[in-house]
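Peer 1: kindly generate the corresponding structure for this input.
(2 chains)
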Amino acid sequence: DAGITQSPRHKVTETGTPVTLRCHQTENHRYMYWYRQDPGHGLRLIHYSYGVKDTDKGEVSDGYSVSRSKTEDFLLTLESATSSQTSVYFCAISEGQGGYTGELFFGEGSRLTVL
Amino acid sequence: AQKITQTQPGMFVQEKEAVTLDCTYDTSDQSYGLFWYKQPSSGEMIFLIYQGSYDEQNATEGRYSLNFQKARKSANLVISASQLGDSAMYFCAMREERSFQKLVFGTGTRLLVSP
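Peer 2: All right, here's what the predicted structure looks like:
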């Protein structure tokens, strides 16, 4: 199993509060991703990173920011949480080397509830 | 426009029978990859199988095979000899050459295997 740890695994917060989710990998993979999973929508990409301090937006990036100061850590921040951000958040990593398939390895997910 | 379409919200199959989960995709890229992931009720995302757009043969991994029809832009997952443990959500996903290692997911199909 890929070494990916997400924290916290569960969080309940109130509207308007800041929230940070952490993804930590031990695989030294270059690419890291944050997805959210909602019923009827599958998984949607929020932000991704292709190296330390190199990040870009996904399809549902509004209201989220990310940072990657070390290869192993990718943080997702909700500056002011809203109820629409209640979701399950998955971190994923990818090796990104030539000759590979590009499959993602996922963390166990973080369930966030915004009241 | 929806890049990955899974039209079957739910599927039922009896144990030991084969089942096909549908997936169609939309891309103008010549080079792309197609993936299937399984998500059991425990929530983790498990990579099942990969098909490259230039692969001439359909991918197979144990009881899983990918029925790749390039002209139809379909990438159906076939599970042979279904087992109770195959009950899960199944997601089809695509990576395009130009999309810098990002995977786009479909909305998923829930498979229920009955004894």
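
Peer 1: drop to CA atoms for contacts and neighbour counts, all remaining ones
Peer 2: Fine.

Peer 1: in chain B, which residue sits closest to chain A?
Peer 2: Nearest residue of chain B to chain A, counting by CA to the nearest CA: B:Thr107, 3.9 Å away.

Peer 1: pLDDT at that residue, what is it?
Peer 2: pLDDT recorded at B:Thr107 is 95.

Peer 1: what about the closest residue to chain B within chain A, how many residues close to it?
Peer 2: Proximity of chain A to chain B (CA to the nearest CA) peaks at A:Gly42, 3.9 Å away. For A:Gly42, the neighbour count with other CA atoms under 10 Å in any protein chain shown is 20.

Peer 1: about what we covered before: how close does the residue of chain B closest to chain A sit to B:Gln69?
Peer 2: Taking CA to CA, to the nearest Å as the measure, B:Thr107 falls 20 Å from B:Gln69.

Peer 1: what about the two, which has more around it?
Peer 2: More crowded of B:Thr107 and B:Gln69, by other CA under 10 Å: B:Thr107, with 24 against 13.

Peer 1: which ones are touching residue 108?
Peer 2: Picked chain A for this. A:4-6, A:9, A:90-91, B:43-45 (CA atoms under 8 Å, 6 or more residues apart in numbering or on different chains).

Peer 1: that answer is for a different chain, and I need it for chain B
Peer 2: Applying CA under 8 Å, 6+ apart, the residues contacting B:Gly108 are A:40, A:42, B:6, B:8-9, B:89-92.

Peer 1: measure it to B:Gln8 for me?
Peer 2: Using CA to CA, B:Gly108 is found at 8 Å from B:Gln8.
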